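quick one: sequence plus predicted model below, questions after.
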There are 2 protein chains.
Amino acid sequence: MISHERPSNDQNADGSHASKPGGMQHTPSRFLTRLSSADRAALVALATPLCVPRRGSVFTTGGPGKHVYFLESGKVKICQPSPSGSEIILWFCLPGEIFGLAEVSHGGGRVVSAYACEESQVLVLSQKDFFSFLGAHPDAVLLSMQALSSRLRVLGEMVVNLISDDANTRIAKLLLRLAARYGKRVDGYILLDVPLTHEEIANMVGTTRQTVTTVIGQFRRQGVLSTESRRIQIESEELLTEISLASTPTARQRLR
Amino acid sequence: MISHERPSNDQNADGSHASKPGGMQHTPSRFLTRLSSADRAALVALATPLCVPRRGSVFTTGGPGKHVYFLESGKVKICQPSPSGSEIILWFCLPGEIFGLAEVSHGGGRVVSAYACEESQVLVLSQKDFFSFLGAHPDAVLLSMQALSSRLRVLGEMVVNLISDDANTRIAKLLLRLAARYGKRVDGYILLDVPLTHEEIANMVGTTRQTVTTVIGQFRRQGVLSTESRRIQIESEELLTEISLASTPTARQRLR
DNA sequence: GCGTGTCTGTCGGTCAGCCGACAACCGAGA
DNA sequence: TCTCGGTTGTCGGCTGACCGACAGACACGC
């Protein structure tokens, strides 16, 4: 019964678009910079600036979540506390990005915290003002939804990685993801200028500090990367991607 | 330098709102039913209906992602393929929900697939039509953002669970999450009328089929749940939450 | 210069959970 | 009725990664 037509209408019409499985495009979705300058001015006029010191929090878990934030300068990490007490880093925000948006639209309090990695300037906007701004500036609606979608994508990828890769691969993929978003090319190398402790890496990837130390050491010995004062330089992106694809378990033949 | 005022301005002003750490509110965010009936009529007028047979796909990874979907009846699961070939279930959609939204707003092709768990009726709307609809119906904007935010929250929780809980706990939490969203109370019990194979559970939670079988068996023996023809009935929510909180590793004292 | 705290590197012991294998089960179809 | 594909239940063996522990390496402040 009922029309039994082609069930899938959204199929790969444009052929091989999914070519690179690792070819993720982590568009930083810079909200502020992609806004028209008129719109941006309107937004800045509504917002109040705030300076957050290094290690300071912009908001924390349990808060009411009645404000949206825009990062003007600095670096902010979004964390979710685990029941065991450690903070799991979900992602970093760079200048231009919007954050704290999810709880505002969803309601019901913050489930994540935002900490400044370094001294940061943020713009604060109340929920009310933000929504009226959205009403008056339709372009901003699209940008907001893009920001949310982009994160959804990143988190989906994290989930898949966590479920199906071993520690080695997870770290490799994390580095690639970070490189795509936060990497700066300096003569051949890719510099991640997000200072990261091994423990933080462990918390992004679901391992222990020791394992991270070991794996990073391995990578260094293989000539994949080098480290300098808490910053990682990727020396061979190819090698790294190779590692990230080499999934341990009974290498899949999965021809289909 | 720079004003050194209260860094955190969004703190728990309303006190203990974060009381229950497991007290997650997985609002199903029923897009269609929360729309005003006039708006809904307008949307239905724009959309074209589609019937998807059991096991059929609405869209798949790699597709262009130029449509948004609304579930009228049936049940749809959103999956992301892992490099090892298995499909990881990110969440289920129930009637009234919107799906396929993230890729539409973000652009750049589908990264997930949507499969019908049972024969389902969906409404299909092109990206273009959807955005013009949003322009004309501001309430729908909020609902869309809520849908995205709600998923963001769920995924964040999944990530944290995967990172910090053992298999036992992960399964317990999954069941609680499912119960909150898809559970129907029937005389004392909570019935999850989403038919799930152990393998699917394993893929939602990052373990193996065998482990799931074992753990579910344990739970059954403890009187936590019973199963009947692929459906799970939770008999003691209390016991289950208790298990889900009992985190294995060196029970944290973390007084601070 | 010297303490002090945080971070990195390394090493065994231990165990949860993966893997493979196999038997029983069940519902659907012939 | 019997077959058959998919699902469930159970069992050892094996191992990746966690845990605790400790020693060096830094950086920072006094």
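Right, received. Where do you want to start? In this text, all values refer to a predicted model and were calculated from it rather than measured experimentally. Numbers count the residues shown, from 1 in each chain, chains lettered A, B, ... in the order given.

going forward, measure contacts between C-alpha atoms and count neighbours the same way
Noted.

residue A:202 and residue A:214 touch, don't they?
No - using CA atoms under 8 Å, residue A:202 is not in contact with residue A:214, being 11.4 Å away.

the more surrounded of these two?
Using other CA atoms under 10 Å in any protein chain shown, the more surrounded residue of residue A:202 and residue A:214 is residue A:202, with 22 against 13.

secondary structure element holding that one?
Element membership of residue A:202, judged by DSSP states H and E, is helix A:198-205.

show me what the one residue sitting closest to the centre of chain A is bridged to.
Here the mean C-alpha position of chain A is nearest to the C-alpha of residue A:91 (CA atoms, centre = their mean), at a distance of 3.8 Å. Partner residues in beta bridges with residue A:91, using DSSP bridges, are residue A:78.

any idea how far it lies from DNA strand C?
Residue A:91 sits at a distance of 18 Å from DNA strand C (criterion: CA to the nearest atom of the strand, to the nearest Å).

separation between that residue and residue A:240?
Taking CA to CA, to the nearest Å as the measure, residue A:91 and residue A:240 are separated by 21 Å.

coming back round to it: quick check, the residue nearest to the centre of chain A in contact with residue A:80.
No - in this structure, residue A:91 is not within contact of residue A:80 by CA under 8 Å, at 10.0 Å.

helix or strand right after the longest helix along chain A?
Longest among the helix segments of chain A by residue count, using DSSP state H, is helix A:138-164. On the C-terminal side of helix A:138-164, the nearest following helix or strand under DSSP H and E is helix A:167-182.

now do whatever helix or strand comes next after that following helix, average pLDDT.
Of the helices and strands lying after helix A:167-182 in sequence (DSSP H and E), the nearest is strand A:183-186. Strand A:183-186 comes out with an average pLDDT of 86.

over to stretch A:208-226?
If you average the pLDDT over stretch A:208-226, you get 94.

quick one: it near DNA strand D?
Yes - with CA under 7 Å from any atom of the strand as the threshold, stretch A:208-226 lies in contact with DNA strand D, specifically through A:208, A:210, A:211.

what does the last one show for phi and psi?
As for residue A:211, its main-chain torsions (degrees, to the nearest 10) stand at phi -60, psi -40.

how many neighbouring residues does it have?
Residue A:211 - counted by other CA under 10 Å - has 16 other residues nearby.

again with residue A:96
Counted with other CA under 10 Å, residues neighbouring residue A:96 total 20.

wait, it touches residue A:35, no?
No - counting by CA under 8 Å, residue A:35 is not a contact partner of residue A:96; they are 9.8 Å apart.

surely residue A:150 meets residue B:106?
Yes - the pair residue A:150 / residue B:106 is scored as a contact, 6.3 Å apart, by CA under 8 Å.

tell me the bridge partners for residue A:114.
When assigned by DSSP bridges, residue A:114 has beta-bridge partners residue A:59, residue A:78.

burial check on it, number of neighbours?
The burial count for residue A:114: 25, using other CA under 10 Å.

same question, residue A:124
Counted with other CA under 10 Å, the burial measure for residue A:124 works out to 20 neighbours.

and it, helix, strand or coil?
Assigned state for residue A:124: strand (three-state reduction, DSSP: H, G, I helix; E, B strand; the rest coil).

residues in contact with it?
Residue A:124 is in contact with A:47, A:48, A:49, A:50, A:67, A:68, A:69, A:70, counting by CA atoms under 8 Å, 6 or more residues apart in numbering or on different chains.

then residue A:111?
Taking CA under 8 Å, 6+ apart as the contact definition, residue A:111 lies against A:60, A:61, A:62, A:80, A:103, B:153.

rerun that using 10 Å as the cut-off
Residue A:111 sits next to A:60-65, A:79-81, A:102-103, B:18, B:21, B:24, B:153, B:156-157 when contact means CA atoms under 10 Å, 6 or more residues apart in numbering or on different chains.

and it, which of the three is it?
Under three-state DSSP, residue A:111 falls in the coil class.

isn't residue A:165 right next to residue A:157, touching?
No - under the contact definition of CA atoms under 10 Å, residue A:165 does not touch residue A:157, with a separation of 11.3 Å.

between those two, which contacts overlap?
A shared contact of residue A:165 and residue A:157, defined by CA under 10 Å, 6+ apart, is any residue touching both; here these are A:173, B:82.

which parts of chain A sit against DNA strand C?
A:196-199, A:210-211, A:213-214, A:216-217, A:230, A:249-250.

strands along the stretch 1-150 of chain A, start to end?
Using DSSP state E, counting those that start in this stretch, the strands of the stretch 1-150 of chain A run over residues A:48-52, A:57-59, A:67-81, A:87-93, A:98-99, A:113-126.

next, the angle from the fourth one to helix A:138-164.
In other words, strand A:87-93. Between strand A:87-93 and helix A:138-164, the angle comes out at 140 degrees (axes from the mean of the first three to the mean of the last three CA atoms, to 10 degrees).

can strand A:87-93 be said to contact DNA strand D?
No - contact of strand A:87-93 with DNA strand D (CA under 7 Å from any atom of the strand) is absent, the minimum separation being 13.8 Å.

with the last one instead?
No - Strand A:113-126 lies out of reach of DNA strand D by CA under 7 Å from any atom of the strand, never closer than 12.6 Å.

pull out the buried residues from that strand.
Neighbour counts using 16 or more other CA atoms under 10 Å in any protein chain shown place A:113-126 of strand A:113-126 among the buried residues.

and of these, the nearest to DNA strand D?
Comparing the buried residues of strand A:113-126 against DNA strand D with CA to the nearest atom of the strand places residue A:118 closest, at 12.6 Å.

wait, the closest one touches residue A:55, no?
Yes - using CA under 10 Å, residue A:118 makes contact with residue A:55 at a distance of 6.8 Å.

common neighbours of these two, please.
A:76, A:77.

about what we covered before: can you redo the residues of stretch A:208-226 next to DNA strand D as CSV with distance to residue B:31?
Listed next are those as CSV, based on distance: CA to CA, whole Å:
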residue, distance to residue B:31
A:208, 41
A:210, 46
A:211, 44
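
which of those residues sits closest to chain B?
Ranked by distance to chain B (CA to the nearest CA), the residues of stretch A:208-226 next to DNA strand D are led by residue A:208 at 10.2 Å.

nearest residue to the closest one in space, please, no chain neighbours.
In space, residue A:208 comes closest to residue A:202 once its chain neighbours are excluded; the distance is 5.3 Å by CA to CA, 6 or more residues apart in numbering or on different chains.

how about the closest residue to DNA strand C within the stretch 1-150 of chain A, phi and psi?
The stretch 1-150 of chain A approaches DNA strand C most closely through residue A:55 (10.9 Å), counting by CA to the nearest atom of the strand. Summarising the backbone geometry of residue A:55 under the convention degrees, to the nearest 10, its torsions are phi 70, psi 0.
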